[in-house]
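Novice: build me a model from this:
(one chain, ligands or ions: 1)
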Amino acid sequence: MKNLEHWIGGAAISSSTENYFDDLNPIDDSVFSRVPAGTAEDVDRAVEAAHQAFLTHRDTPAAVREEWLTKAAAIMERDVAIFADILVDEIGSPIAKAGFETRFAVGFLRAAAGVPRRVRGETIPSDTPGRFSMSLRQPVGVVAGITPFNVPLIKGIKQSAMAIATGNAFVLLPSEASPMVAAQLAKLWKEAGVPDGLFNVVYGNGADIGDDLTGHPKVSAITFTGSSRVGKHIAEIAARRLKKYTLELGGKSPLIVSADADIDQAVNAALFSIFMYQGQVCMGASRIYVERPIFDKFAKAFSAATKNAKIGDLREPTTMLGPIISERQRERVRRHIDDARAKGADVLAGGEWTGNCCSATVLQGVTDDMTVFAEETFGPVTSLYPFDSLDEVIELANDTEYGLSASIFTRDIDKALRFAQRAEAGMVHINAPTLYDEPHVPFGGIKASGFGREGTEADLEIMTEWKWVTIQSADGGAGGH
Ligand code: NAD
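Specialist: Numbering: from 1, shown residues only. Model (predicted):
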(Lines give C-alpha, C1' and ligand atoms only; values in the text may rest on other atoms or scores of the structure.)
Protein backbone atom coordinates (compact mmCIF):
# COMPACT_ATOMS: atom_id res chain seq x y z
CA MET A 1 0.00 0.00 0.00
CA LYS A 2 1.25 3.44 -0.91
CA ASN A 3 0.83 6.80 0.82
CA LEU A 4 0.34 9.60 -1.69
CA GLU A 5 1.28 13.25 -1.27
CA HIS A 6 0.20 16.27 -3.27
CA TRP A 7 2.35 17.00 -6.31
CA ILE A 8 3.06 20.73 -6.34
CA GLY A 9 5.83 22.59 -8.14
CA GLY A 10 7.44 19.34 -9.30
CA ALA A 11 7.74 17.73 -5.85
CA ALA A 12 5.74 15.62 -3.42
CA ILE A 13 4.37 18.03 -0.81
CA SER A 14 2.79 17.02 2.49
CA SER A 15 -0.79 18.01 3.02
CA SER A 16 -1.61 20.98 5.22
CA THR A 17 -3.52 18.61 7.54
CA GLU A 18 -2.99 15.14 8.95
CA ASN A 19 -6.19 13.89 7.33
CA TYR A 20 -5.91 11.01 4.89
CA PHE A 21 -8.58 8.82 3.30
CA ASP A 22 -8.51 5.31 1.86
CA ASP A 23 -8.49 4.63 -1.87
CA LEU A 24 -10.13 1.19 -2.14
CA ASN A 25 -9.65 -1.63 -4.64
CA PRO A 26 -13.30 -2.24 -5.62
CA ILE A 27 -12.84 -5.98 -6.15
CA ASP A 28 -12.72 -6.58 -2.37
CA ASP A 29 -12.67 -3.06 -0.87
CA SER A 30 -9.11 -3.57 0.41
CA VAL A 31 -7.02 -0.41 0.82
CA PHE A 32 -5.03 0.35 -2.35
CA SER A 33 -3.51 3.66 -1.28
CA ARG A 34 -3.79 6.32 1.42
CA VAL A 35 -4.58 9.74 0.07
CA PRO A 36 -4.30 13.21 1.61
CA ALA A 37 -7.63 14.96 2.11
CA GLY A 38 -6.48 18.26 0.65
CA THR A 39 -7.64 21.63 1.91
CA ALA A 40 -8.25 25.07 0.43
CA GLU A 41 -4.69 25.89 1.50
CA ASP A 42 -3.31 22.98 -0.55
CA VAL A 43 -5.36 24.08 -3.57
CA ASP A 44 -4.02 27.60 -3.22
CA ARG A 45 -0.42 26.34 -3.05
CA ALA A 46 -0.93 24.30 -6.22
CA VAL A 47 -2.57 27.15 -8.13
CA GLU A 48 0.13 29.61 -7.04
CA ALA A 49 2.86 27.17 -8.14
CA ALA A 50 1.09 26.73 -11.48
CA HIS A 51 0.69 30.48 -11.92
CA GLN A 52 4.40 31.12 -11.24
CA ALA A 53 5.39 28.32 -13.63
CA PHE A 54 3.09 29.76 -16.28
CA LEU A 55 4.73 33.19 -15.98
CA THR A 56 8.19 31.61 -16.26
CA HIS A 57 7.47 29.24 -19.15
CA ARG A 58 4.70 30.87 -21.15
CA ASP A 59 7.07 31.77 -23.99
CA THR A 60 8.64 28.31 -24.33
CA PRO A 61 8.94 27.64 -28.07
CA ALA A 62 6.56 25.25 -29.79
CA ALA A 63 9.46 22.95 -30.68
CA VAL A 64 10.22 22.43 -26.98
CA ARG A 65 6.60 21.68 -26.10
CA GLU A 66 6.49 19.27 -29.02
CA GLU A 67 9.54 17.51 -27.53
CA TRP A 68 7.88 17.19 -24.08
CA LEU A 69 4.76 15.67 -25.63
CA THR A 70 6.72 13.35 -27.90
CA LYS A 71 8.75 12.13 -24.93
CA ALA A 72 5.60 11.73 -22.85
CA ALA A 73 4.11 9.54 -25.60
CA ALA A 74 7.22 7.33 -25.59
CA ILE A 75 7.18 7.05 -21.78
CA MET A 76 3.49 6.21 -21.80
CA GLU A 77 4.13 3.54 -24.41
CA ARG A 78 6.98 2.12 -22.31
CA ASP A 79 4.88 2.20 -19.13
CA VAL A 80 1.55 0.86 -20.41
CA ALA A 81 1.83 -2.16 -18.10
CA ILE A 82 2.35 0.08 -15.04
CA PHE A 83 -0.69 2.20 -15.92
CA ALA A 84 -2.77 -0.88 -16.80
CA ASP A 85 -1.97 -2.47 -13.43
CA ILE A 86 -3.16 0.64 -11.63
CA LEU A 87 -6.35 0.76 -13.71
CA VAL A 88 -7.06 -2.88 -12.84
CA ASP A 89 -6.40 -2.64 -9.11
CA GLU A 90 -7.51 0.91 -8.35
CA ILE A 91 -10.78 1.12 -10.30
CA GLY A 92 -11.56 -2.50 -11.23
CA SER A 93 -10.88 -2.19 -14.96
CA PRO A 94 -10.89 -5.46 -16.88
CA ILE A 95 -7.56 -5.62 -18.73
CA ALA A 96 -9.31 -5.11 -22.11
CA LYS A 97 -10.65 -1.74 -20.92
CA ALA A 98 -7.33 -0.82 -19.30
CA GLY A 99 -5.64 -1.64 -22.63
CA PHE A 100 -8.02 0.67 -24.46
CA GLU A 101 -7.23 3.49 -22.02
CA THR A 102 -3.47 3.09 -22.26
CA ARG A 103 -3.53 2.83 -26.09
CA PHE A 104 -5.74 5.91 -26.25
CA ALA A 105 -3.35 7.79 -23.95
CA VAL A 106 -0.37 7.01 -26.20
CA GLY A 107 -2.36 8.08 -29.28
CA PHE A 108 -3.56 11.26 -27.64
CA LEU A 109 -0.05 12.29 -26.60
CA ARG A 110 1.20 11.73 -30.14
CA ALA A 111 -1.65 13.82 -31.55
CA ALA A 112 -1.10 16.54 -28.93
CA ALA A 113 2.58 16.77 -29.94
CA GLY A 114 1.34 18.32 -33.17
CA VAL A 115 -0.65 21.01 -31.36
CA PRO A 116 2.04 23.53 -30.25
CA ARG A 117 2.95 24.37 -33.86
CA ARG A 118 -0.73 24.77 -34.73
CA VAL A 119 -1.59 27.41 -32.12
CA ARG A 120 -1.95 29.99 -34.86
CA GLY A 121 -3.73 33.22 -35.54
CA GLU A 122 -4.48 35.08 -38.77
CA THR A 123 -3.55 38.18 -40.67
CA ILE A 124 -6.66 40.25 -41.23
CA PRO A 125 -7.38 42.96 -43.84
CA SER A 126 -7.66 46.32 -42.11
CA ASP A 127 -10.11 49.12 -42.95
CA THR A 128 -7.40 51.67 -42.21
CA PRO A 129 -4.86 52.16 -44.99
CA GLY A 130 -1.36 51.13 -43.91
CA ARG A 131 -2.48 49.38 -40.75
CA PHE A 132 -1.34 45.78 -40.34
CA SER A 133 -3.89 43.66 -38.48
CA MET A 134 -3.45 40.18 -37.01
CA SER A 135 -4.88 37.84 -34.42
CA LEU A 136 -2.90 35.71 -31.96
CA ARG A 137 -3.94 32.77 -29.85
CA GLN A 138 -2.43 33.05 -26.39
CA PRO A 139 -2.53 30.63 -23.44
CA VAL A 140 -5.07 31.48 -20.73
CA GLY A 141 -2.79 30.81 -17.72
CA VAL A 142 -3.79 28.19 -15.16
CA VAL A 143 -6.18 25.45 -16.30
CA ALA A 144 -7.94 23.35 -13.64
CA GLY A 145 -8.77 19.76 -14.60
CA ILE A 146 -11.18 17.50 -12.74
CA THR A 147 -11.45 13.84 -13.67
CA PRO A 148 -14.05 11.12 -13.01
CA PHE A 149 -13.20 7.71 -11.58
CA ASN A 150 -14.04 5.64 -14.66
CA VAL A 151 -11.57 6.80 -17.32
CA PRO A 152 -8.99 8.63 -15.19
CA LEU A 153 -6.12 8.03 -17.59
CA ILE A 154 -7.91 9.08 -20.78
CA LYS A 155 -9.28 12.22 -19.15
CA GLY A 156 -6.14 13.02 -17.14
CA ILE A 157 -4.06 12.78 -20.32
CA LYS A 158 -6.52 14.67 -22.54
CA GLN A 159 -6.82 17.56 -20.11
CA SER A 160 -3.17 17.90 -19.08
CA ALA A 161 -1.63 17.27 -22.52
CA MET A 162 -3.76 19.97 -24.12
CA ALA A 163 -3.05 22.47 -21.32
CA ILE A 164 0.70 21.87 -21.68
CA ALA A 165 0.59 21.83 -25.50
CA THR A 166 -1.11 25.23 -25.60
CA GLY A 167 1.30 26.93 -23.17
CA ASN A 168 -0.72 26.79 -19.97
CA ALA A 169 -0.03 25.42 -16.49
CA PHE A 170 -2.29 22.71 -15.11
CA VAL A 171 -3.73 21.70 -11.72
CA LEU A 172 -5.46 18.33 -11.51
CA LEU A 173 -8.03 17.33 -8.92
CA PRO A 174 -8.45 13.62 -9.61
CA SER A 175 -11.44 11.57 -8.53
CA GLU A 176 -11.17 10.33 -4.94
CA ALA A 177 -11.42 6.82 -6.40
CA SER A 178 -8.50 7.09 -8.82
CA PRO A 179 -5.71 9.15 -7.26
CA MET A 180 -2.90 6.70 -8.11
CA VAL A 181 -3.37 7.25 -11.84
CA ALA A 182 -2.74 10.96 -11.21
CA ALA A 183 0.40 10.18 -9.19
CA GLN A 184 1.76 8.12 -12.09
CA LEU A 185 0.92 10.95 -14.51
CA ALA A 186 2.99 13.34 -12.39
CA LYS A 187 5.98 11.03 -12.81
CA LEU A 188 5.37 10.85 -16.54
CA TRP A 189 5.35 14.61 -17.08
CA LYS A 190 8.41 15.08 -14.89
CA GLU A 191 10.40 12.48 -16.84
CA ALA A 192 9.20 13.99 -20.13
CA GLY A 193 11.01 17.19 -19.15
CA VAL A 194 8.00 19.39 -18.38
CA PRO A 195 9.25 22.13 -16.03
CA ASP A 196 8.26 21.99 -12.37
CA GLY A 197 4.93 23.64 -11.66
CA LEU A 198 3.35 23.19 -15.09
CA PHE A 199 1.66 19.98 -13.89
CA ASN A 200 0.33 19.78 -10.33
CA VAL A 201 -1.98 17.41 -8.49
CA VAL A 202 -4.08 18.15 -5.40
CA TYR A 203 -5.84 15.19 -3.83
CA GLY A 204 -9.01 15.43 -1.84
CA ASN A 205 -12.73 15.23 -1.78
CA GLY A 206 -14.18 17.20 -4.69
CA ALA A 207 -17.21 18.14 -2.60
CA ASP A 208 -14.87 19.76 -0.03
CA ILE A 209 -12.21 21.47 -2.15
CA GLY A 210 -13.61 21.49 -5.70
CA ASP A 211 -15.04 24.99 -5.31
CA ASP A 212 -11.72 26.27 -3.95
CA LEU A 213 -10.10 25.13 -7.17
CA THR A 214 -12.72 26.14 -9.74
CA GLY A 215 -13.43 29.43 -7.97
CA HIS A 216 -9.75 30.34 -7.46
CA PRO A 217 -9.08 33.79 -8.96
CA LYS A 218 -5.92 32.56 -10.69
CA VAL A 219 -7.67 29.66 -12.44
CA SER A 220 -8.68 30.91 -15.90
CA ALA A 221 -10.23 27.81 -17.43
CA ILE A 222 -11.84 24.63 -16.13
CA THR A 223 -12.05 21.30 -17.90
CA PHE A 224 -14.37 18.95 -16.03
CA THR A 225 -15.53 15.40 -16.62
CA GLY A 226 -18.05 13.88 -14.23
CA SER A 227 -21.71 13.86 -13.38
CA SER A 228 -24.21 16.38 -14.73
CA ARG A 229 -25.05 17.38 -11.14
CA VAL A 230 -21.50 18.52 -10.36
CA GLY A 231 -21.06 19.89 -13.89
CA LYS A 232 -24.01 22.28 -13.49
CA HIS A 233 -22.60 23.46 -10.17
CA ILE A 234 -19.21 24.16 -11.79
CA ALA A 235 -20.91 26.05 -14.64
CA GLU A 236 -22.49 28.38 -12.07
CA ILE A 237 -19.15 29.09 -10.42
CA ALA A 238 -17.44 29.64 -13.78
CA ALA A 239 -20.23 31.89 -15.06
CA ARG A 240 -20.11 34.11 -11.97
CA ARG A 241 -16.40 34.71 -12.55
CA LEU A 242 -16.52 34.64 -16.39
CA LYS A 243 -14.11 31.70 -16.67
CA LYS A 244 -13.87 29.46 -19.69
CA TYR A 245 -15.05 25.91 -19.17
CA THR A 246 -15.73 22.58 -20.81
CA LEU A 247 -18.06 20.02 -19.24
CA GLU A 248 -18.10 16.35 -20.23
CA LEU A 249 -21.05 14.87 -18.34
CA GLY A 250 -23.40 11.92 -18.00
CA GLY A 251 -25.55 10.17 -20.56
CA LYS A 252 -28.46 7.88 -21.30
CA SER A 253 -27.36 7.02 -24.82
CA PRO A 254 -29.79 5.31 -27.22
CA LEU A 255 -28.84 2.53 -29.63
CA ILE A 256 -31.38 1.92 -32.40
CA VAL A 257 -31.73 -1.33 -34.32
CA SER A 258 -33.81 -1.13 -37.53
CA ALA A 259 -35.53 -4.18 -38.99
CA ASP A 260 -33.08 -4.16 -41.92
CA ALA A 261 -29.98 -4.23 -39.70
CA ASP A 262 -27.46 -7.03 -39.46
CA ILE A 263 -28.69 -8.47 -36.15
CA ASP A 264 -25.40 -10.15 -35.19
CA GLN A 265 -23.52 -6.91 -35.75
CA ALA A 266 -26.09 -4.99 -33.70
CA VAL A 267 -26.06 -7.55 -30.86
CA ASN A 268 -22.27 -7.47 -30.57
CA ALA A 269 -22.14 -3.69 -30.72
CA ALA A 270 -24.89 -3.36 -28.11
CA LEU A 271 -23.09 -5.81 -25.83
CA PHE A 272 -19.88 -3.79 -26.01
CA SER A 273 -21.72 -0.46 -25.76
CA ILE A 274 -23.37 -1.19 -22.42
CA PHE A 275 -21.37 -3.92 -20.70
CA MET A 276 -17.74 -2.92 -21.30
CA TYR A 277 -16.30 -1.90 -17.91
CA GLN A 278 -19.54 -3.02 -16.24
CA GLY A 279 -21.47 -0.16 -17.82
CA GLN A 280 -19.51 2.53 -15.99
CA VAL A 281 -19.05 4.47 -19.21
CA CYS A 282 -20.62 7.83 -20.00
CA MET A 283 -21.52 6.73 -23.55
CA GLY A 284 -23.10 3.44 -22.37
CA ALA A 285 -26.10 2.32 -24.47
CA SER A 286 -28.52 2.16 -21.58
CA ARG A 287 -31.54 2.38 -23.91
CA ILE A 288 -31.86 -0.01 -26.85
CA TYR A 289 -34.73 0.55 -29.32
CA VAL A 290 -35.54 -2.33 -31.66
CA GLU A 291 -37.97 -2.19 -34.58
CA ARG A 292 -40.99 -4.31 -33.76
CA PRO A 293 -40.70 -7.01 -36.49
CA ILE A 294 -37.31 -8.10 -35.12
CA PHE A 295 -37.86 -7.19 -31.46
CA ASP A 296 -38.33 -10.73 -30.12
CA LYS A 297 -35.50 -12.12 -32.22
CA PHE A 298 -33.13 -9.38 -31.07
CA ALA A 299 -34.23 -9.66 -27.43
CA LYS A 300 -33.54 -13.40 -27.47
CA ALA A 301 -30.18 -13.11 -29.25
CA PHE A 302 -29.03 -10.20 -27.07
CA SER A 303 -30.07 -11.88 -23.80
CA ALA A 304 -28.29 -15.06 -24.87
CA ALA A 305 -25.18 -13.10 -25.83
CA THR A 306 -24.86 -11.68 -22.31
CA LYS A 307 -23.09 -14.94 -21.47
CA ASN A 308 -20.18 -13.42 -23.43
CA ALA A 309 -20.18 -10.40 -21.13
CA LYS A 310 -18.30 -12.32 -18.51
CA ILE A 311 -17.49 -11.50 -14.92
CA GLY A 312 -14.09 -12.94 -14.10
CA ASP A 313 -10.41 -12.45 -13.46
CA LEU A 314 -9.77 -8.81 -14.41
CA ARG A 315 -6.44 -9.76 -15.99
CA GLU A 316 -8.09 -12.28 -18.33
CA PRO A 317 -8.49 -10.61 -21.76
CA THR A 318 -12.02 -11.96 -22.31
CA THR A 319 -13.41 -10.57 -19.03
CA MET A 320 -15.80 -7.71 -19.76
CA LEU A 321 -17.29 -6.99 -16.33
CA GLY A 322 -15.57 -6.23 -13.05
CA PRO A 323 -16.64 -4.71 -9.74
CA ILE A 324 -18.82 -1.63 -9.35
CA ILE A 325 -16.63 1.16 -8.00
CA SER A 326 -18.12 1.88 -4.57
CA GLU A 327 -20.84 0.87 -2.16
CA ARG A 328 -22.75 4.03 -3.06
CA GLN A 329 -22.71 3.10 -6.75
CA ARG A 330 -23.59 -0.54 -6.01
CA GLU A 331 -26.59 0.64 -4.05
CA ARG A 332 -27.64 2.76 -7.03
CA VAL A 333 -27.38 -0.15 -9.49
CA ARG A 334 -29.32 -2.43 -7.11
CA ARG A 335 -31.98 0.24 -6.59
CA HIS A 336 -32.49 0.73 -10.34
CA ILE A 337 -32.90 -3.01 -10.98
CA ASP A 338 -35.08 -3.66 -7.90
CA ASP A 339 -37.33 -0.70 -8.64
CA ALA A 340 -37.85 -1.82 -12.26
CA ARG A 341 -38.55 -5.39 -11.14
CA ALA A 342 -40.98 -4.26 -8.42
CA LYS A 343 -42.90 -2.10 -10.90
CA GLY A 344 -43.30 -4.94 -13.40
CA ALA A 345 -40.31 -4.94 -15.75
CA ASP A 346 -39.03 -8.32 -16.98
CA VAL A 347 -35.42 -9.16 -16.27
CA LEU A 348 -34.42 -11.01 -19.45
CA ALA A 349 -30.86 -11.58 -18.26
CA GLY A 350 -28.66 -10.77 -15.28
CA GLY A 351 -29.66 -8.88 -12.16
CA GLU A 352 -27.42 -11.12 -10.04
CA TRP A 353 -24.37 -10.26 -7.98
CA THR A 354 -21.06 -12.04 -7.47
CA GLY A 355 -19.29 -10.13 -4.71
CA ASN A 356 -19.13 -6.52 -5.87
CA CYS A 357 -19.88 -7.44 -9.51
CA CYS A 358 -23.35 -7.20 -11.06
CA SER A 359 -24.05 -9.46 -14.04
CA ALA A 360 -25.00 -8.10 -17.48
CA THR A 361 -28.62 -7.07 -16.98
CA VAL A 362 -31.26 -6.71 -19.71
CA LEU A 363 -34.69 -5.28 -18.88
CA GLN A 364 -37.85 -5.29 -20.95
CA GLY A 365 -41.17 -3.59 -20.27
CA VAL A 366 -39.61 -0.55 -18.62
CA THR A 367 -42.08 2.31 -18.17
CA ASP A 368 -41.58 5.98 -17.40
CA ASP A 369 -42.45 5.57 -13.71
CA MET A 370 -39.36 3.41 -13.19
CA THR A 371 -36.13 5.07 -12.03
CA VAL A 372 -34.07 3.32 -14.70
CA PHE A 373 -36.19 4.87 -17.47
CA ALA A 374 -34.63 8.32 -17.26
CA GLU A 375 -31.76 8.23 -14.75
CA GLU A 376 -28.19 7.27 -15.57
CA THR A 377 -27.53 3.95 -13.80
CA PHE A 378 -23.79 3.87 -14.53
CA GLY A 379 -23.82 0.09 -14.26
CA PRO A 380 -24.32 -3.00 -16.48
CA VAL A 381 -28.02 -2.40 -17.03
CA THR A 382 -29.91 -1.67 -20.24
CA SER A 383 -33.57 -1.59 -21.27
CA LEU A 384 -35.06 -2.85 -24.54
CA TYR A 385 -37.95 -0.93 -26.13
CA PRO A 386 -39.87 -1.69 -29.36
CA PHE A 387 -40.58 0.98 -32.01
CA ASP A 388 -42.61 1.16 -35.22
CA SER A 389 -41.18 3.98 -37.32
CA LEU A 390 -38.08 6.11 -37.69
CA ASP A 391 -39.90 9.29 -36.68
CA GLU A 392 -41.22 7.58 -33.56
CA VAL A 393 -37.80 6.29 -32.53
CA ILE A 394 -36.18 9.67 -33.09
CA GLU A 395 -38.74 11.15 -30.70
CA LEU A 396 -38.17 8.37 -28.15
CA ALA A 397 -34.38 8.60 -28.42
CA ASN A 398 -34.53 12.37 -27.87
CA ASP A 399 -36.93 12.12 -24.94
CA THR A 400 -34.20 12.48 -22.31
CA GLU A 401 -32.43 15.28 -20.51
CA TYR A 402 -29.13 13.86 -21.83
CA GLY A 403 -27.52 14.08 -25.28
CA LEU A 404 -24.12 12.43 -25.39
CA SER A 405 -23.86 9.60 -27.93
CA ALA A 406 -26.35 7.74 -30.17
CA SER A 407 -26.11 4.84 -32.61
CA ILE A 408 -28.31 3.43 -35.34
CA PHE A 409 -28.00 0.07 -37.06
CA THR A 410 -29.52 0.03 -40.54
CA ARG A 411 -28.58 -0.68 -44.16
CA ASP A 412 -30.73 2.26 -45.32
CA ILE A 413 -28.50 5.29 -45.80
CA ASP A 414 -31.47 7.69 -45.88
CA LYS A 415 -32.67 6.47 -42.49
CA ALA A 416 -29.16 6.60 -41.09
CA LEU A 417 -28.55 10.17 -42.21
CA ARG A 418 -31.97 11.37 -41.10
CA PHE A 419 -31.27 9.91 -37.67
CA ALA A 420 -27.78 11.46 -37.60
CA GLN A 421 -29.30 14.87 -38.33
CA ARG A 422 -32.21 14.66 -35.92
CA ALA A 423 -30.63 12.90 -32.95
CA GLU A 424 -30.15 15.25 -30.02
CA ALA A 425 -26.65 14.03 -29.25
CA GLY A 426 -23.13 15.38 -29.52
CA MET A 427 -21.94 12.20 -31.24
CA VAL A 428 -23.76 9.82 -33.62
CA HIS A 429 -22.42 6.52 -34.94
CA ILE A 430 -23.95 4.56 -37.80
CA ASN A 431 -23.62 0.76 -37.59
CA ALA A 432 -21.16 1.09 -34.71
CA PRO A 433 -21.27 1.13 -30.88
CA THR A 434 -22.23 4.26 -28.92
CA LEU A 435 -18.86 4.01 -27.24
CA TYR A 436 -16.01 5.53 -29.23
CA ASP A 437 -13.37 8.25 -29.04
CA GLU A 438 -10.39 9.51 -31.02
CA PRO A 439 -7.90 12.24 -30.06
CA HIS A 440 -8.68 14.81 -32.77
CA VAL A 441 -12.49 14.66 -32.93
CA PRO A 442 -14.88 17.12 -31.22
CA PHE A 443 -15.82 14.82 -28.33
CA GLY A 444 -18.73 15.80 -26.11
CA GLY A 445 -22.43 16.11 -25.57
CA ILE A 446 -25.38 18.49 -25.57
CA LYS A 447 -28.22 19.14 -23.10
CA ALA A 448 -27.33 17.72 -19.65
CA SER A 449 -24.44 15.75 -21.19
CA GLY A 450 -22.10 18.62 -21.58
CA PHE A 451 -20.98 22.03 -22.64
CA GLY A 452 -18.19 22.58 -25.16
CA ARG A 453 -16.09 19.86 -26.74
CA GLU A 454 -12.71 18.31 -26.02
CA GLY A 455 -9.99 17.07 -28.37
CA THR A 456 -6.80 18.35 -29.93
CA GLU A 457 -8.74 20.86 -32.06
CA ALA A 458 -11.73 21.65 -29.88
CA ASP A 459 -9.75 22.33 -26.70
CA LEU A 460 -8.10 25.37 -28.31
CA GLU A 461 -11.38 27.16 -27.60
CA ILE A 462 -11.00 27.10 -23.82
CA MET A 463 -7.25 26.76 -23.51
CA THR A 464 -6.34 29.79 -25.59
CA GLU A 465 -7.56 33.35 -25.80
CA TRP A 466 -7.75 35.42 -28.98
CA LYS A 467 -5.85 38.69 -29.07
CA TRP A 468 -6.18 41.23 -31.90
CA VAL A 469 -3.04 43.25 -32.63
CA THR A 470 -2.63 46.08 -35.14
CA ILE A 471 0.49 47.91 -36.26
CA GLN A 472 0.55 51.45 -37.62
CA SER A 473 3.78 53.03 -38.79
CA ALA A 474 5.41 55.08 -35.99
CA ASP A 475 5.46 58.28 -38.04
CA GLY A 476 1.69 58.11 -38.40
CA GLY A 477 1.97 57.79 -42.16
CA ALA A 478 0.13 55.41 -44.40
CA GLY A 479 2.63 52.61 -44.00
CA GLY A 480 5.02 53.50 -46.78
CA HIS A 481 3.73 51.15 -49.48
P1 NAD B 1 -18.72 12.84 -10.01
O2 NAD B 1 -19.42 14.00 -10.62
O3 NAD B 1 -19.26 12.26 -8.77
O4 NAD B 1 -17.21 13.22 -9.71
C5 NAD B 1 -16.36 13.69 -10.73
C6 NAD B 1 -15.28 14.54 -10.12
O7 NAD B 1 -15.87 15.73 -9.61
C8 NAD B 1 -14.55 13.90 -8.95
O9 NAD B 1 -13.17 14.13 -9.10
C10 NAD B 1 -15.08 14.65 -7.75
O11 NAD B 1 -14.15 14.72 -6.72
C12 NAD B 1 -15.29 16.01 -8.36
N13 NAD B 1 -16.18 16.94 -7.63
C14 NAD B 1 -17.20 16.68 -6.79
N15 NAD B 1 -17.75 17.84 -6.35
C16 NAD B 1 -17.05 18.84 -6.93
C17 NAD B 1 -17.14 20.26 -6.89
N18 NAD B 1 -18.04 20.91 -6.14
N19 NAD B 1 -16.26 20.98 -7.63
C20 NAD B 1 -15.35 20.37 -8.40
N21 NAD B 1 -15.21 19.03 -8.47
C22 NAD B 1 -16.06 18.28 -7.75
O23 NAD B 1 -18.61 11.72 -11.17
P24 NAD B 1 -17.98 10.25 -11.09
O25 NAD B 1 -18.89 9.36 -10.31
O26 NAD B 1 -16.54 10.30 -10.72
O27 NAD B 1 -18.03 9.86 -12.63
C28 NAD B 1 -19.16 9.37 -13.24
C29 NAD B 1 -19.89 10.43 -14.03
O30 NAD B 1 -19.01 11.01 -14.99
C31 NAD B 1 -21.03 9.84 -14.83
O32 NAD B 1 -22.13 10.72 -14.79
C33 NAD B 1 -20.45 9.75 -16.24
O34 NAD B 1 -21.40 9.70 -17.26
C35 NAD B 1 -19.59 10.96 -16.29
N36 NAD B 1 -18.55 10.84 -17.31
C37 NAD B 1 -18.65 11.60 -18.44
C38 NAD B 1 -17.70 11.47 -19.45
C39 NAD B 1 -17.78 12.28 -20.70
O40 NAD B 1 -16.77 12.38 -21.40
N41 NAD B 1 -18.91 12.87 -21.05
C42 NAD B 1 -16.65 10.57 -19.29
C43 NAD B 1 -16.57 9.83 -18.11
C44 NAD B 1 -17.53 9.98 -17.13
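Novice: who in the stretch 301-450 of the chain is up against the ligand?
Specialist: Contact residues, the stretch 301-450 of the chain versus the ligand (Cβ under 6 Å from any ligand atom): Glu376, Phe378, Leu404, Gly445, Gly450. Every residue, glycine included, has its C-beta placed from N, CA and C.
Novice: as a markdown table, those residues with pLDDT and distance to Ser160 would be great.
Specialist: Converted to a markdown table, these look like this (pLDDT from 0 to 100; distance: Cβ to Cβ, whole Å):
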| residue | pLDDT | distance to Ser160 |
| --- | --- | --- |
| Glu376 | 98 | 26 |
| Phe378 | 98 | 24 |
| Leu404 | 98 | 23 |
| Gly445 | 98 | 22 |
| Gly450 | 98 | 19 |
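Novice: nearest to Val181, of these?
Specialist: Phe378 (18.6 Å; Cβ to Cβ).
Novice: name the nearest residue to the closest one, ignoring sequence neighbours.
Specialist: Excluding its sequence neighbours, the residue lying closest to Phe378 (Cβ to Cβ, 6 or more residues apart in numbering) is Gln280, at 5.5 Å.
Novice: do a quick rundown of the strands in the stretch 351-481 of the chain.
Specialist: 353-354, 357-358, 361-364, 381-387, 405-409, 427-430, 450-451, 464-471 (DSSP state E, counting those that start in this stretch).
Novice: which of these has the highest mean neighbour count?
Specialist: strand 405-409 (a mean of 28; mean count of other Cβ atoms under 10 Å).
Novice: avg pLDDT for that one?
Specialist: In this model, strand 405-409 has an average pLDDT of 98.
Novice: stretch 163-175 now?
Specialist: 98.
Novice: and it, does that touch the ligand?
Specialist: Yes. Stretch 163-175 lies within reach of the ligand by Cβ under 6 Å from any ligand atom, at Leu173, Ser175.
Novice: closest one of the residues of the stretch 301-450 of the chain next to the ligand to Val257?
Specialist: Among these, and counting by Cβ to Cβ, the member closest to Val257 is Leu404, at 18.9 Å.
Novice: surely the closest one meets Gly250?
Specialist: Yes. Counting by Cβ atoms under 8 Å, Leu404 touches Gly250, with 7.4 Å between them.
Novice: please name the nearest non-neighbouring residue to whichever residue of the stretch 51-200 of the chain sits closest to the ligand.
Specialist: Per Cβ to the nearest ligand atom, Pro148 is where the stretch 51-200 of the chain lies closest to the ligand, at 3.2 Å. In this structure, Pro148 finds its nearest non-sequential neighbour in Gly226, 4.5 Å apart by Cβ to Cβ, 6+ apart.
Novice: identify the residues contacting that neighbour.
Specialist: Ile146, Thr147, Pro148, Ser175, Gly206, Glu248, Leu249 (Cβ atoms under 8 Å, 6 or more residues apart in numbering).
Novice: low-confidence ranges in this structure?
Specialist: Applying pLDDT under 70 to the chain flags the ranges 476-481.
Novice: can you give me the domain assignment for it?
Specialist: The record's domain parsing of the chain by automatic domain parsing lists 2-249+445-468, 254-430.
Novice: from the opening residue of the last one to its closing one, how far?
Specialist: Distance between the two ends of domain 254-430: 12 Å, counting by Cα to Cα, to the nearest Å.
Novice: next: the longest one.
Specialist: One end of domain 2-249+445-468 to the other measures 49 Å (Cα to Cα).
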